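Need coordinates for the below:
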Amino acid sequence: MTAPYDVAVIGAGAAGMMCAAVAGQRGLRVVLIDHAERLAEKIRISGGGRCNFTNLGAGPANFLSDNPHFCRSALAGYTPQDFLALLREHRIAWHEKHRGQLFCDDSSESIIDMLRAECQSGKVQWRMPCRVTEISRSEAGYQLRTNQGDIRAEKLVVATGGMAIPQLGATDFGLKVARQFGLKVIEPRPALVPLTFDPVQWQPFAELSGVALEVSLATGAGRARGEFLEDLLFTHRGLSGPAILQISSFWRPGDEIVIDLAAGRDLAAELIAAKPGNRQQLHTVLGGLWPRRLADQWLRAAGQTGQGDLAELRLADAPDKALRTLADGIHRWRLVPSGTAGYKKAEVMRGGVDTRGLDQKSMQARTVPGLYFIGEAVDVTGWLGGYNFQWAWASGAACGRAL
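Presented below is the predicted three-dimensional model:
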């Protein structure tokens, strides 16, 4: 059996539901298809179950892409304030947590319920769970072969997300569709993901698991440079926390990251100023300025690398040169990660459908009429902190209005 629709949307996540709702409320006949048993799992688990649904400061500068100007039109056409207006309509309470990051007061389920209600308002029809096995195109539009029978639509929107968190059903389906129709794909890789290190090299720091502090860190150069002030978390295998998740989107294999473990301070000046008459051991003094466990371990590691037994040295007896060398190592800790924790631990995918092949106002493929790509499947990746959801809302709304 075939079911004629104006639009078929594959992927009932954030971008897919937004697009389907906008198109349906414009009077189009829309069918929304998803292979999952449970709706919008990525929304459900985000923000610790409260959904970090946008960021007040979201703008083009907060997104990475091989074609960095592409996102401007969609982001300007649907802003964080537009999404907040939708929340007000549905009486969903929210709060700002940190640096413009907005969360639901209650459960992320309220966002899912809101999007479902918006789709119902647009008389969107659902096929879920429904697996698409084949896509073909003719002059009449698109035909989808599924395990629930054939579906025919004049236009097709691919909103299947990226490969991050495969345990929730993430796949490379959208990239395969793009390649099928001759679109270029920017090589995908995990982003917003913990970084790992060689176990032998990391062994001196493994026992610091659980230590957290605010740092500044950087990697890359030129347009590809990333630099952030965020919280860092030591783990058994390496480094995580918001700082590492942010920088991971910029990091390339083989590159070093430079971390300032005492951001915004002049540690050498503080130690030298405290020297006169100070009979405390250096590890005690440093432990008062810094997390104690980190101070102790850092001084032990410094001793093992030829800087002498600093830990037991009284501050008054420490040479200024040694204190400056110690501080310089803390302010410029240079590390080369061995890799990332992979898609299982990544929050998003970087890369995707090359935006040079898409129209920035409609998200339509330039060479394939009636074929659209939105959301995470597209080579637009946001920073940590609600930006990727804003791209989902903005690209979905832009596409829904243009269909």
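
make it CA atoms for all contacts and neighbour counts henceforth
OK.

who touches stretch 48-55?
43-46, 80, 100-108, 111, 385-390 (CA atoms under 8 Å, 6 or more residues apart in numbering).

can you rerun that using 6 Å?
The contact list for stretch 48-55, computed with CA atoms under 6 Å, 6 or more residues apart in numbering, reads 100, 101, 102, 103, 104, 107, 108, 386, 387, 389, 390.

what about the first one, how many neighbours?
Residue 100 is surrounded by 15 other residues when neighbours are defined as other CA atoms under 10 Å.

residues touching it, list them.
55, 56.

Recalculate using a threshold of 7 Å.
55, 56, 57 (CA atoms under 7 Å, 6 or more residues apart in numbering).

Highest neighbour count among the residues you listed?
Going by other CA under 10 Å, residue 55 tops the contacts of residue 100 with 25 neighbours.

Looking at the contacts of stretch 48-55, which are in strands?
101, 102, 103, 104 (DSSP state E).

ok, and the most crowded of the residues you listed?
Top of those by neighbour count (other CA under 10 Å): residue 103, with 26 neighbours.

pLDDT score assigned to the closest residue to it other than its chain neighbours?
Sequence neighbours aside, residue 52 is the residue nearest to residue 103 in space, at 4.5 Å (criterion: CA to CA, 6 or more residues apart in numbering). The model reports residue 52 with a pLDDT of 97.

repeat for residue 351
In this model, residue 351 is scored at 98, pLDDT.

name the element it belongs to?
Residue 351 is part of strand 348-353, with elements assigned from DSSP states H and E.

Output the contacts of stretch 48-55 as CSV; include the columns distance to residue 285 and pLDDT.
Formatted as CSV, the contacts of stretch 48-55 follow (distance: CA to CA, whole Å; pLDDT from 0 to 100):
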residue, distance to residue 285, pLDDT
100, 36, 95
101, 36, 97
102, 39, 98
103, 40, 98
104, 42, 98
107, 44, 96
108, 45, 97
386, 39, 98
387, 40, 98
389, 44, 98
390, 45, 98
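
export those residues to JSON lines and tack on distance to residue 167?
Shown next, in JSON lines, are the contacts of stretch 48-55 (distance: CA to CA, whole Å):
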{"residue": "100", "distance to residue 167": "29"}
{"residue": "101", "distance to residue 167": "26"}
{"residue": "102", "distance to residue 167": "26"}
{"residue": "103", "distance to residue 167": "24"}
{"residue": "104", "distance to residue 167": "24"}
{"residue": "107", "distance to residue 167": "21"}
{"residue": "108", "distance to residue 167": "19"}
{"residue": "386", "distance to residue 167": "21"}
{"residue": "387", "distance to residue 167": "23"}
{"residue": "389", "distance to residue 167": "20"}
{"residue": "390", "distance to residue 167": "23"}
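
And these, which is closest to residue 158?
Among the contacts of stretch 48-55, residue 389 lies closest to residue 158 (CA to CA), at 16.4 Å.

Run a quick neighbour tally on the closest one.
23.

go on, residue 390?
By other CA under 10 Å, 28 other residues sit near residue 390.

Chain neighbours aside, what residue packs nearest to it?
residue 54 (5.2 Å).

Assign a three-state SS to the one you found, would you?
Look at residue 54: counting by DSSP: H, G, I helix; E, B strand; the rest coil, its state is strand.

what do you get for residue 144?
Secondary structure assignment for residue 144 (three-state DSSP): strand.

And residue 259, by the same measure?
Quick answer, by three-state DSSP: residue 259 is strand.

what's the answer for the one 10 residues further on, then?
Using three-state DSSP, the structure places residue 269 in helix.

In the stretch 51-200 of the chain, mark out all the helices, start to finish.
Applying DSSP state H, counting those that start in this stretch to the stretch 51-200 of the chain gives helices spanning 72-77, 80-89, 109-121, 173-180, 199-206.

where are the low-confidence patches of the protein?
1-3, 303-311 (pLDDT under 70).

Which residue ranges make up the domains of it?
Residue ranges for the domains of the chain, per automatic domain parsing: 4-189+347-402, 195-340.

The last one: end-to-end distance?
The reference is to domain 195-340. With CA to CA, to the nearest Å as the measure, the ends of domain 195-340 fall 4 Å from one another.

repeat for the first one
Start-to-end span of domain 4-189+347-402 (CA to CA) is 19 Å.

Quick check: which of the domains of the chain is buried the most?
domain 4-189+347-402 (a mean of 20; mean count of other CA atoms under 10 Å).

roughly how far is that domain from the heart of the chain?
15 Å (CA atoms, centre = their mean, to the nearest Å).

One more: stretch 181-201?
The answer for stretch 181-201 is 12 Å, by CA atoms, centre = their mean.

got the contact list for it?
For stretch 181-201, contacts defined as CA under 7 Å, 6+ apart pick out 164, 175, 237-240, 244-246, 248-249, 337-343, 345-354, 357, 379, 384.

Where strands are concerned, which of those count?
Per DSSP E, these map to strands at 238, 239, 240, 339, 340, 348, 349, 350, 351, 352, 353.

Next, give me the two most distant ones among the residues you listed.
238 and 353 (31.0 Å).

ok, now how distant is the residue lying closest to residue 275 once chain neighbours are set aside from residue 281?
With sequence-adjacent residues excluded and distances taken as CA to CA, 6+ apart, residue 275 is closest to residue 316, at 4.7 Å. The gap separating residue 316 from residue 281 is 9 Å, by CA to CA.
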